[in-house]
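Enquirer: just a sequence and a predicted model for now, questions to come.
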Amino acid sequence: MRIEIRGNADFRKALRRFAPDINKQLQIELRTALRPIATAAKGFAPADGEVLSGWRNRSFNEGSFPTYSRATVVSKIGFKTTPSKVNSKGYSSAVTIYNNSRAGAIYESAGRNGAQGQPWVGPKGPAGHKYSHSRNKKAGEQFIASMPELTSSLRGRGRLIFRAWAANQGKTEGAVMKALSKAEMELVNRSKSGMLGKAA
Amino acid sequence: MSNQFLEQIVVGAKVDTRGFKQADTALAKLGKTVKSTAGAIGIAYGASAVIAYGKASVKAFAADEAAALRLSRAVTNLGIGFANPAIADYIGKLEKSAAIADDILRPAFQSLLTTTGSLTKSQELLNNAITISRGSGIDLATVTDDLAKGYVGITKGLTKYNTGLTKAELTSKSFSEILAVMLTKSAGAAEDYLGSTSYTIDVLSIATQNASEIIGGGLVDAFARIAGGTEASDAAIAIEGVAKAIAFVERAIGTTIGAIPSLIKNLKNLPSQIFSGFAGKAAGVTIPVQSKKAEIKLTLSQIQQQEFLKKLEDAAAKRAKELLALKNKQAQADKLKLAIAKANAVLGKGNDVFNLDAIQIQAAMINQSEALAKATTSAQLLQITNDTLRLQIKKDILDLENAIASGDVKAIEAATTKLNKDLEIFAALQKQEAKLSDIKSILDLLKPKDLINLDNLNEALRLLGLINLASTGSKTTPAATVGVAGGSNTAGNQYSNQVENGLYGMQVASSIDATNLNTALLGGVVSVIGSNLKEYLAPNPAGFGTGAFDVNITVNTGVGDPNAIADAINQVIQDAVDRGTLRGGSY
């Protein structure tokens, strides 16, 4: 019987079912490759006292704009070694490094669309998350200026995971791809040699 | 929230096409199958093209075949089935020259052919229809339908072509006249179209349609690559050529495949059918195998075909003549109907004006006209004229009714004109604005012609007098009995001033003087009873009776009730007032 494997999900499924040891080894290698990125990214998150006072966490947050909490930001930075869902263009990823908190995402991406921030419309301006409703016309500019410069990487610009990715200089990506390739080759070899066995 | 990454870096992304796997496999299989067939003619089919072939080609071919069969049947029913190839050739050439698909031309030609019954007329009308269609922008099917209807006299549909003709004109004019107008307005449109981009596109479109009809519309893209030309006409030729080639190959394949089951079936019957020849040969006996008889087809000679066509054309021409005669007859009937309707309208108008009671009353007044003539006022004359005109209108109405009954159009029109004229005069009089001079002219118009010519009568009397002189030997010229030429005043009862007015003898009562003269000549006494119950006589030469006279009414009632007598007198006077015969008096 001929089995055709297409995409990451099929590959991992095949590994789990026919070569669980390879799958286990792959997981270890992926974690080893990705952990430095996550750790470095967490290290780039500023302390609570290093951000603007108005953005700091407080006991009662009356606004919808998320306050900054280093603990929260750090806890939401991580990686995932399982394949993602297929996107609308038909692609899925093998592994993912994420920065999954709202405040962390703000810190990561603030200033990508310009140092001036979002267009200012004031408190009585039109609603929407694409406008600044602050009383301070330069609130966005000052907010961005208070943060370190965005770091450019081959995957995008940012201050946490993208900075870490840039600092890593492709070592992680190489390690991940090598691990995936190795697992694929091993699976194919076993398939050819008839050594594949169904997992218990 | 755990799976919705706000910021992420993905690694090892791969395309995952599991969803397309099934379709991909199907396409690959289909493509492989088609490629094996198309490889023979060097065309790389796409799977979608082959699918389209299955649908479009069958549908297009079925529609085309049905239209061709319908036309063929129509031609056969006309008795000229032999002309089918010529008609197909004509349609094919027209399709290329006019860039109109045969799917459209066939039904159009069929409708014209069945309507006119003439091949030449149908071809002529179809060409005209194409010109009109190009000129008006209306589709050919509609134009041919309208022309076919117009040919048999139904011109309602021709109004949409903005010919400038009225509805009445469309009805009254002949079809050829209307068609000439339409062609004049559409002249040059077909030639202009031939030079347009639209024509080029249509040429290519028709060629593509033809290709679809032969092997399917899904191969158009492939043909474009094969043609490789830049001109639309070249591409069209290439498309059709390739299409026919493909159809031939497919047909051959189909024949081969279709032959296999037949072969298997026949093999079962081999001993009884085919091996008889072998068996005979083995036995040394020749068993003749009957060859299949050739199908005999009856064909008409050229002369016979010409005869049939001539017969058809003659029948069509006869039919056209009948239609024309029918149309003329209808036009005559419509004209008569229109005249009668017009006359009826006038008749109704006349009846509205005519009042029998009024006529009766006014007739009585006419009898008194001579008496009234003495009290000469223009109002009285106007009244007399009105009454006379009413009578004349009544006479006109009767004349018109008689004319309608006779069905004579000219008589109806003449009577209608006369009635209209009198009604106009009457209307003028009703407005009370008529002048005396007008009334005079009206009376002159109304006076009877040559019934009693007084001049002639006087002349006759004068001649009689001469004859009398001659017979008696008298030398005295007798004076005119009535009227005196030369101003003689011998007539004792004639007013001297009438001679000065140029009135001689009996006159038509067209003026006060004439009325007075007539009264005097007739020896009558014209009197008017005044408000004081005194009678005033007209003056006479003897100077008698010019004053007022008392009027005495003697009532012979005998002895009776005085009140009853008074009531009777009162009733008589009241009746006279009611009748209008008593004027101005008190009672």
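Expert: Yep, that arrived.

Enquirer: who are the neighbours in contact with the residue nearest to B:R134 when sequence neighbours are not counted?
Expert: In space, and not counting its chain neighbours, B:R134 is closest to B:A189: 4.1 Å by CB to CB, 6 or more residues apart in numbering or on different chains. Just so you know, the C-beta spots here come from the backbone N, C-alpha and C atoms, and that holds for glycine as well. By CB atoms under 8 Å, 6 or more residues apart in numbering or on different chains, the contact set of B:A189 is B:T131, B:I132, B:R134, B:G135.

Enquirer: the last one contacts B:T184, correct?
Expert: No: B:G135 lies out of contact with B:T184 (CB atoms under 8 Å); the separation is 9.9 Å.

Enquirer: with neighbour numbers in mind, choose between these two.
Expert: Per other CB atoms under 10 Å in any protein chain shown, whichever of B:G135 and B:T184 has more neighbours is B:G135, with 21 against 10.

Enquirer: hmm, back to that, out of the contacts of B:A189, who's the most crowded?
Expert: B:I132 (26 neighbours).

Enquirer: any chance of TSV for the contacts of B:A189, columns secondary structure and pLDDT?
Expert: As requested, the contacts of B:A189 are exported to TSV (DSSP: H, G, I helix; E, B strand; the rest coil; pLDDT from 0 to 100):
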residue	secondary structure	pLDDT
B:T131	helix	83
B:I132	helix	85
B:R134	helix	81
B:G135	helix	82
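
Enquirer: picking up where we left off before, need phi/psi at the residue nearest to B:R134.
Expert: Per-residue torsions, B:A189: phi -60, psi -40 (degrees, to the nearest 10).

Enquirer: circling back to that earlier point, which of the contacts of B:A189 sit farthest apart?
Expert: B:I132 and B:R134 (7.4 Å; CB to CB).

Enquirer: and for those two, which residues touch both?
Expert: With CB under 8 Å, 6+ apart as the test, B:I132 and B:R134 both reach B:S186, B:A189.

Enquirer: in three-state terms, label the most centrally placed residue in chain A for me.
Expert: Relative to the mean C-alpha position of chain A, the nearest C-alpha, by CA atoms, centre = their mean, is the one of A:Y98, at 2.1 Å. Three-state call for A:Y98 (DSSP: H, G, I helix; E, B strand; the rest coil): strand.

Enquirer: which residues in chain A form strands?
Expert: Under the criterion DSSP state E, chain A contains strands at A:77-80, A:91-92, A:95-99, A:151-153, A:156-158.

Enquirer: could you give the mean pLDDT of whichever helix in chain A runs longest?
Expert: Of all segments of type helix in chain A, defined using DSSP state H, the longest is helix A:20-44. The pLDDT scores in helix A:20-44 average 94.

Enquirer: packing partners of the helix or strand encompassing B:L338?
Expert: Per DSSP states H and E, B:L338 falls inside helix B:302-353. In terms of contacts (3 or more CB pairs under 8 Å, 6 or more residues apart in numbering or on different chains; DSSP states H and E), helix B:302-353 is packed against helix B:119-136, helix B:378-406, helix B:409-430.

Enquirer: what parts of chain A come near chain B?
Expert: When proximity is defined by CB under 8 Å from any CB of the partner chain, chain A lies next to chain B at A:4, A:6-11, A:34, A:37, A:84, A:86, A:90-102, A:104-105, A:108-109, A:155-156, A:158, A:160-162, A:165, A:172-173, A:176-177, A:180.

Enquirer: let's see it at 6 Å
Expert: A:6-8, A:86, A:90-100, A:105, A:108, A:155, A:161, A:165, A:173, A:176, A:180 (CB under 6 Å from any CB of the partner chain).

Enquirer: which of those residues are buried? Put it as a ChimeraX command.
Expert: Of these, the buried ones go into a single ChimeraX selection, burial set by 16 or more other CB atoms under 10 Å in any protein chain shown:
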select /A:7,8,86,91,92,93,94,95,96,97,98,99,100,105,108,155,161,165,173,176,180
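
Enquirer: three-state assignment of B:L165?
Expert: coil.

Enquirer: please apply the same query to B:V10.
Expert: With three-state DSSP as the criterion, B:V10 reads strand.
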